[in-house]
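> Sequence plus the predicted model coming up.
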Amino acid sequence: MEIKQFYDDNLAHASYAILSKGEIAIIDPARDPRPYLDYAKNNNGKIIAVIETHPHADFVSSHLELHKKTGADIYVGKLVGVEYPHKAVDEGDEIKIGDIKIEVVNTPGHSPDSITLLIKDENGQDYAIASGDTLFVGDVGRPDLRESAGNINQKREELAGSMFETVQTKLKKLSDNILVYPAHGAGSLCGKSLSDARFSTIGAEKKDNYAFQINNKEEFIDALLEDQPFIPAYFGYNVELNRKGAPDFEESIKAVPRISNESELKKGVPVVDSRSKDKFKAGHVKGAINIEKSLKFETWLGSIVKPGEKFYLICDSENDFDMMLGRIAKIGYEVNVEGVLTNPSSGLVKSKEFDIEDFRKHPEKYNIVDVRNQSETKQGLIFNKAKTIPLHELRKRINEVPKDKPVVFHCAGGGRGATAASIAEGELDADVYDLGAMVKDFASKK
């Protein structure tokens, strides 16, 4: 048996291939099916099963496309309630792959329909779990994503209570030597304190994971609900898309119109500029939103642009078109792209130059907006009189930004502040500036 992990750094997402005697099971696959098809080809194997541990909120799965391309059966928990061809599984069901078996364990908590997969070796011994979003290294899945998404809605307190029962009655009973393969690592918004380790053991989690240390249910619920990160706008959309099954990856990307950079863009359709903030400031389409193609581009796109909202995408070059559309397809937003183009050569506007020395000497002359997340501002403000509006809320709260003085946006390192300034530049009748990475100088003097 071989367990192969595939890891997407952008969404901190781990998926798996389980290979035994030429047969392969794919667990929680990402949107692009090619790595799994290549793995099967390179190992002379056949994908016979695709298993979804739950309907994912933070990425779009290729389970349906893999089924269509390979004939593999799709296995999902019986509570998920899907319409595509599948085999519904429940507690104790087994899936045979070559010489090994995968046992289904119902583990509600992150979602009411979550399952964990107990992988048994060739001798029938418990070897590893693919824990989906139930158990992470150092954390457990957040319980607050299914209050209004999916076919079953549950209050976060109820699901946190279910997670307590899952930890106490299912996970704690597993042997210490069992390997833990989670669906996410550090940086994922499906938990709050995930380790950057890619896998673990049950023994290590029993020792170090806070969720295993709390034996009182009420205390556990309070601890699990406290300080969870914000919920991006696209999460509920992805739950539904995964329950229906996404369109095929390559075909969906190819369907996005490639348009000339001299095309007249439709009024009222947002423009997302994925170039660097320096290039953006030097010349951009009026009103464009600058979301750099950084590590977390997908997350911020899906937090700032609403599901179903059409937008234009500006890339550095035509060579970037497919790569950026592939990243956008990870969250199912490629169908929202009105057209992809390079930056126009004329009719551009420039961002105003920021006089940092004037700001240092006279900060009272500026309105300061802190766009960090609530969990960050809760630890203390960098500027005492700053107004706090998290970046993912800025578009709908833009009228709360005071405009009687020039406005300076900042975050913790410069990335989100630049995006915020671009949003405000297109919306406010005021001078708008991005403090950028210089915020670190001010933070170090607090």
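In hand now; what should we look at?
> How is residue 160 assigned, secondary-structure-wise?
Using DSSP: H, G, I helix; E, B strand; the rest coil, the structure places residue 160 in helix.
> ok, now residue 437?
Relying on three-state DSSP, one would call residue 437 helix.
> Tell me the pLDDT of it.
Note on residue 437: pLDDT of 95.
> Report the contact partners of the nearest residue in space to it that is not next to it in sequence.
The shortest distance from residue 437 to any non-neighbouring residue, by C-beta to C-beta, 6 or more residues apart in numbering, is to residue 414 (3.9 Å). For the C-beta atoms, the positions are set from N, CA and C on the backbone; glycine is no exception. Residues in contact with residue 414 (C-beta atoms under 8 Å, 6 or more residues apart in numbering) are 277, 434, 435, 436, 437, 438, 439.
> okay, and for the stretch 301-446 of the chain, where does confidence drop off?
Within the stretch 301-446 of the chain, no range satisfies pLDDT under 70.
> now the strands for it?
Counting by DSSP state E, counting those that start in this stretch, the segments of the stretch 301-446 of the chain that form strands are 311-315, 337-342, 367-370, 387-388, 407-410, 432-434.
> now do the stretch 151-300 of the chain
With strands called from DSSP E, counting those that start in this stretch, the stretch 151-300 of the chain shows them at 179-182, 200-201, 271-273, 289-290.
> Residue 171: what's it in contact with?
107, 134, 135, 202, 205, 212.
> so which of those residues comes closest to residue 27?
Of all the contacts of residue 171, residue 27 sits closest to residue 134, with 12.8 Å by C-beta to C-beta.
> Look up the closest residue to that closest one, ignoring the ones flanking it.
Closest residue in space to residue 134, ignoring its immediate chain neighbours: residue 107 at 4.3 Å, by C-beta to C-beta, 6+ apart.
> repeat for residue 162
residue 108 is the one closest to residue 162 (C-beta to C-beta, 6+ apart), at 4.1 Å.
> And the residue lying farthest from the centre of the chain, how far from residue 355?
What lies farthest from the middle of the chain is residue 361; by C-alpha atoms, centre = their mean that is 40.0 Å. Distance, residue 361 to residue 355, by C-beta to C-beta, to the nearest Å: 10 Å.
> which secondary structure elements does the longest helix along the chain contact?
Ranked by residue count and defined by DSSP state H, the top helix of the chain is helix 415-427. On a contact count with 3 or more C-beta pairs under 8 Å, 6 or more residues apart in numbering; DSSP states H and E, helix 415-427 meets helix 277-282, strand 289-290, helix 297-304, strand 407-410, strand 432-434.
> rerun that using 7 Å as the cut-off
Secondary-structure packing of helix 415-427 (3 or more C-beta pairs under 7 Å, 6 or more residues apart in numbering; DSSP states H and E): strand 289-290, strand 407-410, strand 432-434.
> So in that sheet, which strands flank the first one, and in what orientation?
For strand 289-290, the paired strands and their directions (DSSP bridges) read strand 271-273 (parallel).
> Can you give me the buried ones in the partner strand?
271, 272, 273 (16 or more other C-beta atoms under 10 Å).
> With respect to residue 113, which of these is nearest?
Nearest member of those to residue 113, counting by C-beta to C-beta, is residue 272, at 33.0 Å.
> distance of that closest one from residue 266?
Residue 272 is 14 Å from residue 266, by C-beta to C-beta.
> which residues sit in contact with residue 26?
15, 17, 36, 47, 50, 66 (C-beta atoms under 7 Å, 6 or more residues apart in numbering).
> Which two of those have the greatest separation?
15 and 47 (12.5 Å).
> coming back round to it: closest one to residue 164 among the strands of the stretch 301-446 of the chain?
Closest among the strands of the stretch 301-446 of the chain, using C-beta to C-beta: strand 387-388, at 32.4 Å.
> Identify the residues contacting the closest one?
With C-beta under 7 Å, 6+ apart as the criterion, strand 387-388 contacts 369, 370, 377, 402.
> Please indicate which of those residues are buried?
369, 370, 377.
> Need those in CSV (columns: distance to residue 245).
CSV is the format used below for the buried ones among the contacts of strand 387-388 (distance: C-beta to C-beta, whole Å):
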residue, distance to residue 245
369, 41
370, 41
377, 39
